[in-house]
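**Student:** Please work out how this folds:
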Amino acid sequence: MSATTIAKGITSGLRAAMERDPKVVLMGEDIGKLGGVFRVTEGLQKDFGEDRVIDTPLAEAGIMGTAIGMALRGYRPVVEIQFDGFVYPAFDHIVSQVAKLRARSLGFVTMPIVIRIPFGGGIGAVEHHSESNETYFAHTAGLKVVAVSNAHDAHWMIQQAVETDDPVVFYEPKRRYWDKGEVGDAPDGALGTARVLREGSDLTLLAYGPMVKTCLQAAQAAAEEGRSLEVVDLRSLSPLDDATILASARKTGRVVVVHEASTFLGIGSEISAMVTEEAFHSLEAPVLRVGGYNVPYPPSRIEEEFLPDLDRVLDAVDRSLAY
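**Tutor:** As a prediction, this is how the structure comes out:
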């Protein structure tokens, strides 16, 4: 396949899923005629009709409740939450019902719902439009939580998510929507697996979503100074691909975890604990974390001071290598 953007990779993946299975239905605010605020669903209502690409009211609790009912009746709804900070009205449904119905029914009921959430900062948006709330859902048993960082994964992982009988919270890095990349002919592993994007020997950078690109840039900058950094795209936050993470940690002996969300009780905290428990004797330095600060997301004019950047990642690399 040819090069495309992350946004259009998701579009083509949704199109393929809808062509394969007439039970796949899209729901969300302005996703039909407008094609979504980021144009991810552009053209799909025209091609599949208003019964399968449904413009909903501005009511996330109503959207999620409807998706639950449709899933119970054999449909595979894909719900778009327009922005990360808008998911909270649906939070009760997601954690109380969506995550628990399969276990509550002893497996007799499946919940094949995909909840698409554009997340993260970097687009100069106002309040409630730049949040990284992935840990809420990763902490909730019964949900799969994934995040894409490139066009190839965008195209294939959305299809894998749609085919999953368990609910999937599908995070899309909104400031990377227009980054281009090649889309291959097959997915890179099953949903729930990590991927080594760059081999290295001195230190491991673990990231997901919007920070993967930043870590690849850091690895390139470090290479110019003779340092070899391995970059792992986690891709899945729940479950974590422990095997890939631990193999890289044992290989390099140094680990830095990078994400936009606050480091306090973030994904990096869980990874740090897991690596320390399972690979302690392979470590040459403590596992370090680079992330957002533990404050509400700031006004857009100072968001660049809040977001982890190349300098903060390289500073953590220097501190780790100094041990």
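**Student:** show me the contacts for Ile115.
**Tutor:** Met64, Val79, Ile81, Val87, Ala90, Ile94, Val98, Pro167, Val168, Val169, Phe170 (C-beta atoms under 8 Å, 6 or more residues apart in numbering). In short, each C-beta sits where N, CA and C put it, glycine included.
**Student:** Show me the contact partners of the helix or strand where the last one lies.
**Tutor:** Just to be clear, that refers to Phe170. Per DSSP states H and E, Phe170 falls inside strand 168-173. Here strand 168-173 makes contact (C-beta under 8 Å, 6+ apart) with 6, 10, 40, 94, 113-120, 134, 137, 143-149, 154, 157-158, 161, 191, 209-210, 237.
**Student:** which stretches of the protein form helices?
**Tutor:** For the chain, helices defined by DSSP state H occupy the ranges 6-20, 44-48, 60-72, 91-93, 101-104, 134-138, 151-162, 211-223, 242-252, 267-279, 303-306, 310-321.
**Student:** hey, least reliable of these by pLDDT?
**Tutor:** Per-stretch mean pLDDT for those is lowest at helix 303-306 (a mean of 92).
**Student:** Mind listing what's buried along that helix?
**Tutor:** Glu303, Phe306 (16 or more other C-beta atoms under 10 Å).
**Student:** for the most centrally placed residue in the chain, which residues make a bridge with it?
**Tutor:** The residue lying closest to the centre of the chain (C-alpha atoms, centre = their mean) is Ala147, at 1.6 Å. With DSSP bridges as the criterion, Ala147 is bridged to Tyr171.
**Student:** just to revisit the earlier point, buried deepest among the helices of the chain, which one?
**Tutor:** helix 151-162 (a mean of 25; mean count of other C-beta atoms under 10 Å).
**Student:** Tell me what angle that helix forms with helix 211-223.
**Tutor:** Helix 151-162 runs at 150 degrees relative to helix 211-223, counting by axes from the mean of the first three to the mean of the last three C-alpha atoms, to 10 degrees.
**Student:** Next, the angle helix 6-20 makes with helix 151-162.
**Tutor:** 40 degrees.
**Student:** how far away is the nearest residue to Arg254 once chain neighbours are set aside from Val196?
**Tutor:** Residue nearest to Arg254 in three dimensions, not counting chain neighbours: Leu203, with 4.0 Å by C-beta to C-beta, 6 or more residues apart in numbering. Applying C-beta to C-beta, to the nearest Å, the value for Leu203 to Val196 is 13 Å.
**Student:** any residues in contact with both of these two?
**Tutor:** By C-beta under 8 Å, 6+ apart, the residues touching both Leu203 and Val196 are Glu230.
**Student:** ok, those two, which is more surrounded?
**Tutor:** In this view Leu203 and Val196 are compared by other C-beta atoms under 10 Å, and Leu203 has more residues nearby, 26 against 15.
**Student:** Was I right to think Gly189 contacts Arg195?
**Tutor:** Yes - assessed by C-beta atoms under 8 Å, Gly189 is found in contact with Arg195 at 6.7 Å.
**Student:** Now do the same for the residue nearest to Glu305 when sequence neighbours are not counted: its pLDDT.
**Tutor:** Using C-beta to C-beta, 6+ apart and skipping residues adjacent in sequence, the residue nearest Glu305 is Pro298, 7.3 Å away. With respect to pLDDT, Pro298 scores 92.
**Student:** ok, back up a step: ok, the residue nearest to Arg254 - contacts?
**Tutor:** Applying C-beta under 8 Å, 6+ apart, the residues near Leu203 are Arg227, Ser228, Leu229, Glu230, Thr252, Gly253, Arg254, Val255, Val256, Val317, Ser320, Leu321.
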